[in-house]
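Undergrad: Task: produce atomic coordinates for the following.
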Amino acid sequence: MENSHASTSLSYADGLAKAYRLRGETGRTVVAVVGDGALTGGMAWEALNNIAVAKDSRLVIVVNDNGRSYQPTIGGLATNLAAVRASQRYEHVLEYIKTSLSHTPLVGPPLYETLHGIKKGLKDVLQPQVLFEDLGIKYLGPVDGHDEQLVEQLLRRARGFGGPVIVHVITRKGFGYQLAEQNEEDCLHQVPAAPSPGQAAAAPKRTWSEVFGDEILAIGARRADVVAITAAMLHPTGLAAFARAYPDRAFDVGIAEQHAMTSAAGLAMGGMHPVVAIYATFLNRAFDQLLMDVALHRLPVTVVLDRAGVTGPDGPSHHGMWDGSILQVVPGLRIAAPRDATRVAELLNEAVAVSDGPTVVRFPKGTVGGEAEACGRLGGMDVLYEPAAGDARDVLLAGAGPMAVMCVQAASRLADQGIGVTVVDPRWVKPLDPALAGAAAAYRLVVTVEDNGLAGGFGDAVCRLLREAGAPTPVQTCGLPQRFLAHGKREEILEDAGLVPQHLARRITEAVARLTPELADHTQA
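TA: Numbers count the residues shown, from 1 in each chain. So this is what the prediction gives:
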């Protein structure tokens, strides 16, 4: 299953097992694998609640228990699973525990000896399976997940049971891949492929997430009311330094974006200013909470959307191409789209200064590029490029976020074709600055560019603004096609979508060529 979110496999499996039963395919068994980190998400427990009463569903649930999601698993469930891991009788699993506990100062060795003594004296004691069997689901394990023969034996037993079964396996994340095993922060999640023999690793460049992390740390030093919330993404979203500096003001809620958002609402009600840092695609899960729990009450919560727009090789479920559209419908919400590192800091500070409603700051994945300094202002917007003195004002080109930098490059190409272009960065893409509508009347064409799906995004908002203001200038919107985008490098996907300077300049040149004087007069009539 291609999916952007954890905690979903059990619901897929529940439905699939029911479908097989209804179709009379009684010999088929569905196997779902769910991590202990994924079990921190509420959707997994909604599924378990239903699976428990589906006694005739041939469904095997493999709980892959490695004590981690993206970082070490936290919360009450993790504590329960830790107890299970630490108190069963299989020798090979006890050895696994011994290896783990030997690295724990002071309490580790004595605790291991105690567990070992309990094992010897109570060989026939029931396995600690209460957590799942209280739900009415058969439980097998725990076993060493790296012992293939033993895991196969348990899976065969589970298949023969004829109803829902939990198979609890203990594994080590990143096992067998040295780079992952040595990366304590992330293990396998973001560790890249090993470089080719003899190839030196590329020098790391500054990422958007790191820029945000540095600035939120500085803001935290100035404002004691600012708190940070993450959903099992402390390091990937850049919040690790803030958490180290202010551990009492940083909350990792596990893979639970819905809870993160409404918990932020509670914090805001209590006088704090929460900053919720999540991936843009994961906001989809928390949209209702942002709409009804935060925005409805005009609460000062800042949502930082990392990985907005095209994310590249993360695949179709991870492209952050939806938030720019779905957030346009939220009343009272302000959305900032920084074009470069300087604007990340600038707009983040403006966002946390808002006290009468929620704000969003969105930026892409990867390394930040060069700076694009403003050469003027248009209302609250930055003007990044203007026609030379005496040249015509043909096109008003508005780029959202990093697309504004690309628009400057396209404008330079258009100037070589004798087309006068003014490039503006709106900075805040919701609400739009009314000055944009006022300026549009002086141009033959308005073009918008965004790293978001075309339907209902920034471009559509500009069209609505001009229409409501009675501005006659035609608008062309450029953005991501409204379809699921495949794997690929960010640069390749943007080029396929026409969101590179060369393609954009050609498209604008063709649009201007179609605007003959007669057509322009007719449009303005």
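Undergrad: Met261 touches Asp293, doesn't it?
TA: Yes. Contact between Met261 and Asp293 holds when scored by CB atoms under 8 Å: they sit 6.4 Å apart. (C-beta placed from N, C-alpha, C; glycine too.)
Undergrad: So between those two, which is more surrounded?
TA: Taking neighbours as other CB atoms under 10 Å, Met261 and Asp293 compare with Met261 leading, 29 against 21.
Undergrad: Now do the contacts for that one.
TA: Taking CB atoms under 8 Å, 6 or more residues apart in numbering as the contact definition, Met261 lies against Val276, Ala286, Gln289, Leu290, Asp293, Val294, Val301, Val303.
Undergrad: Then it would be within a helix, right?
TA: Yes. With DSSP: H, G, I helix; E, B strand; the rest coil as the criterion, Met261 is part of a helix.
Undergrad: right, and Val447 touches Ala398 too?
TA: Yes. The pair Val447 and Ala398 passes the contact test of CB under 8 Å, sitting 7.2 Å apart.
Undergrad: what do the two both touch?
TA: Common contacts of Val447 and Ala398 (CB under 8 Å, 6+ apart): none found.
Undergrad: any low-confidence regions in this structure?
TA: When residues are selected by pLDDT under 70, those of the chain lie in 68-131, 184-195, 198-204, 516-525.
Undergrad: Bridge partners for the spatially most central residue of it, pull those for me.
TA: Nearest to the geometric centre of the chain sits Tyr279, at 1.7 Å (CA atoms, centre = their mean). Bridge pairing for Tyr279 (DSSP bridges) gives the partners Asp306.
Undergrad: which residues sit in contact with it?
TA: Met233, Pro236, Thr237, Leu305, Asp306, Arg307, His318, Gly320.
Undergrad: Only alpha carbons, please: show the longest strand seen in the chain as CSV.
TA: Taking DSSP state E as the criterion, the chain has its longest strand at strand 445-453. The C-alpha trace of strand 445-453 is given here as CSV (Å, rounded to 0.1, in the frame of the first residue of the first chain):
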residue,chain,number,x,y,z
LEU,A,445,-1.4,39.8,-17.9
VAL,A,446,-1.1,38.4,-14.4
VAL,A,447,0.7,35.1,-13.9
THR,A,448,0.9,33.1,-10.7
VAL,A,449,3.3,30.3,-9.9
GLU,A,450,3.1,27.9,-7.0
ASP,A,451,4.6,24.6,-5.8
ASN,A,452,1.1,23.3,-5.0
GLY,A,453,-1.8,21.7,-6.8
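Undergrad: Listing partners with orientation, what would you give for that strand?
TA: For strand 445-453, pairing defined by DSSP bridges yields strand 395-399 (parallel), strand 475-480 (parallel).
Undergrad: Export those as CSV, with columns for distance to Met272 and mean neighbour count.
TA: Converted to CSV, the strands paired with strand 445-453 look like this (distance: least, CB to CB, whole Å; neighbours: other CB atoms under 10 Å):
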stretch, distance to Met272, mean neighbour count
strand 395-399, 34, 27
strand 475-480, 35, 21
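Undergrad: For stretch 49-57, buried residues please.
TA: Asn50, Ile51, Ala52, Ala54, Ser57 (16 or more other CB atoms under 10 Å).
Undergrad: what separates the last one from Tyr20, distance-wise?
TA: Think Ser57. 9 Å (CB to CB, to the nearest Å).
Undergrad: List the single closest residue to Ile419 in space, sequence neighbours excluded.
TA: Asp394 (5.0 Å; CB to CB, 6 or more residues apart in numbering).
Undergrad: ok, the one you found - contacts?
TA: Pro387, Ile419, Gly420, Val421, Tyr443, Arg444, Leu445, Val512.
Undergrad: just the buried members of those residues?
TA: Pro387, Ile419, Gly420, Val421, Tyr443, Arg444, Leu445, Val512.
Undergrad: ok, so of those residues, who is nearest Leu135?
TA: Nearest to Leu135, judged by CB to CB, of the buried ones among the contacts of Asp394 is Leu445 at 61.5 Å.
Undergrad: I'd say that closest one and Leu396 touch.
TA: Yes. Taking contacts as CB under 8 Å, Leu445 lies within contact range of Leu396: 7.4 Å.
Undergrad: tell me which residues in the host helix or strand of Asn349 are buried?
TA: Using DSSP states H and E, Asn349 maps to helix 341-352. Buried residues in helix 341-352, counted by 16+ other CB under 10 Å: Ala341, Arg343, Val344, Ala345, Leu347, Leu348, Glu350, Ala351, Val352.
Undergrad: Mind checking which of the buried ones among the contacts of Asp394 are in helices?
TA: The helices, defined by DSSP state H, take in Val512 from the buried ones among the contacts of Asp394.
Undergrad: In JSON lines: the buried ones among the contacts of Asp394, plus distance to Met403.
TA: Below are the buried ones among the contacts of Asp394 laid out as JSON lines (distance: CB to CB, whole Å):
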{"residue": "Pro387", "distance to Met403": "20"}
{"residue": "Ile419", "distance to Met403": "19"}
{"residue": "Gly420", "distance to Met403": "20"}
{"residue": "Val421", "distance to Met403": "14"}
{"residue": "Tyr443", "distance to Met403": "18"}
{"residue": "Arg444", "distance to Met403": "21"}
{"residue": "Leu445", "distance to Met403": "17"}
{"residue": "Val512", "distance to Met403": "19"}
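Undergrad: Quickly name whichever of the buried ones among the contacts of Asp394 is closest to Val253.
TA: Once CB to CB is applied, the member of these that ends up nearest Val253 is Val421, at 45.7 Å.
Undergrad: wait, what's in contact with that closest one?
TA: Here Val421 is in contact with Tyr385, Pro387, Asp394, Val395, Leu396, Leu397, Ala410, Ala411, Leu414, Ala415, Ile508 (criterion: CB under 8 Å, 6+ apart).
Undergrad: Assign a three-state SS to the nearest residue in space to Lys18 that is not next to it in sequence, would you?
TA: Counting by CB to CB, 6+ apart, Lys18 lies nearest to Ser57, which is 6.3 Å off, once chain neighbours are set aside. Recorded secondary structure, Ser57: coil (three-state DSSP).
Undergrad: thinking again about what came up before, pick the one among the buried residues of helix 341-352 closest to Gln178.
TA: The closest of the buried residues of helix 341-352 to Gln178 turns out to be Ala341 (CB to CB; 33.0 Å).
Undergrad: Quick check: the gap between the closest one and Val368.
TA: Following CB to CB, the distance that separates Ala341 from Val368 is 4 Å.
Undergrad: what do the two both touch?
TA: Arg206, Trp208, Val211.
Undergrad: isn't the last one right next to Asp340, touching?
TA: Yep, that's Val211 we're talking about. No. If you go by CB under 8 Å, Val211 and Asp340 don't touch, sitting 9.0 Å apart.
Undergrad: Can you check which residues contact both of the two?
TA: Common neighbours of Val211 and Asp340 (CB under 8 Å, 6+ apart) are Val368.
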